[in-house]
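**Student:** Quick check, what structure comes out for this input:
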Amino acid sequence: MADGEHAFDLATAVRGGPGSWKATVDPGWTVGDRPNGGYLLALAVRAALGVVDQPHPLAVSGQFLAPPAVGPAELKVVPLRAGRTLSTARVTLVQDGRPLLEALVSAGQLAADGAPEWQRASRPPDLPPVDECLRGQPDVPGRVRVNILDHLDIRLDPATAGSFLGRPSGRLEMRGWADRLPPWPAGARLAGLRAPRSALAGRLVRRGRRGVGRQRPPGRPGPPARRRPAAGLAVGHVHRRSRGTAECATG
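**Tutor:** Coordinates of the predicted model:
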């Protein structure tokens, strides 16, 4: 592994271009034998950024048509818009001639200290200290192995982790902390924003920031990234608002 390179860089590496990229779906980013959705979107982002003339992903959406298998894959990229501040491309992940993921990636330029254009008045939820939260384990007797937790440190608030302890509360709510193992370099953190989001079931931003996201129906772009992610723990809160809609307050 080269200096400054992280396992995530290797797991999301793409080769070729511009219209067709080769990649390998890595077994280290799976739940059981199914690749994590955020990881797959990161593959799509890497391919899209190889085509559009912009450095940072701003908004990414995806239609998961069928789960890919671990192993070789092709990423077909079609540029849709090229602008001075925003460019967009469509990415299709294909295995054995079959499309398995359709993603839409909008890219632009993120300032390291850019402020969000809109912030919600409420603050992120108060959480117990990290050491008092329930840590996600890759291996749990009687369950499939969660390989992605070899790379992500997920800590759930015990008050919202009852379903994992055999004591479901009946509330569709989850709160917790998240970080990467080991700390990721800035480039990998930005490309991999969706991996911890999907692992924690909510959008995660750096501790001390305020914002709101909403999980939307597949195919609609999610809330855009507003600044480059910083190092350190993130806090996320996801809860159901209505049928099929979950609101994710983050900070």
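
**Student:** From here on, just use CA atoms for contacts and neighbour counts.
**Tutor:** OK.

**Student:** Buried residues of the helix or strand in which R175 is found, list them for me.
**Tutor:** Per DSSP states H and E, R175 falls inside strand 173-180. Across strand 173-180, burial judged by 16 or more other C-alpha atoms under 10 Å covers E173, M174, R175, G176, W177, A178, D179, R180.

**Student:** Can you give me the distance of the first one to L165?
**Tutor:** Same thing as E173. Look at E173 and L165: by C-alpha to C-alpha, to the nearest Å, they are 15 Å apart.

**Student:** Out of the buried residues of strand 173-180, which two sit at the greatest distance?
**Tutor:** E173 and R180 (22.5 Å; C-alpha to C-alpha).

**Student:** what about the closest residue to A66 other than its chain neighbours, is that helix, strand or coil?
**Tutor:** Setting aside the residues directly before and after it, A66 is nearest to L100 in space (C-alpha to C-alpha, 6 or more residues apart in numbering), at 4.9 Å. Three-state call for L100 (DSSP: H, G, I helix; E, B strand; the rest coil): strand.

**Student:** and the gap between L100 and L75?
**Tutor:** Note on L100: its distance to L75, by C-alpha to C-alpha, is 10 Å.

**Student:** Identify the residues contacting the residue nearest to P138 when sequence neighbours are not counted.
**Tutor:** Leaving out its chain neighbours, the residue that sits closest to P138 by C-alpha to C-alpha, 6+ apart is V146, at 4.5 Å. The neighbours of V146, taking C-alpha atoms under 8 Å, 6 or more residues apart in numbering as the test, are T30, V31, G32, Q137, P138, D139.

**Student:** do that again at 6 Å, thanks
**Tutor:** By C-alpha atoms under 6 Å, 6 or more residues apart in numbering, the contact set of V146 is V31, G32, P138.

**Student:** Please list only the buried members of those.
**Tutor:** Buried residues within the contacts of V146, counting neighbours by 16+ other C-alpha under 10 Å: V31, P138.

**Student:** Just put the contacts of V146 in CSV and tack on distance to A159.
**Tutor:** Below are those laid out as CSV (distance: C-alpha to C-alpha, whole Å):
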residue, distance to A159
V31, 24
G32, 26
P138, 21
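
**Student:** Which member of the contacts of V146 is positioned nearest A82?
**Tutor:** V31 (35.8 Å).

**Student:** Okay, the closest residue to that closest one other than its chain neighbours and T92: tell me how far apart.
**Tutor:** Using C-alpha to C-alpha, 6+ apart and skipping residues adjacent in sequence, the residue nearest V31 is V146, 4.4 Å away. Here V146 is placed at a distance of 25 Å from T92 (C-alpha to C-alpha).
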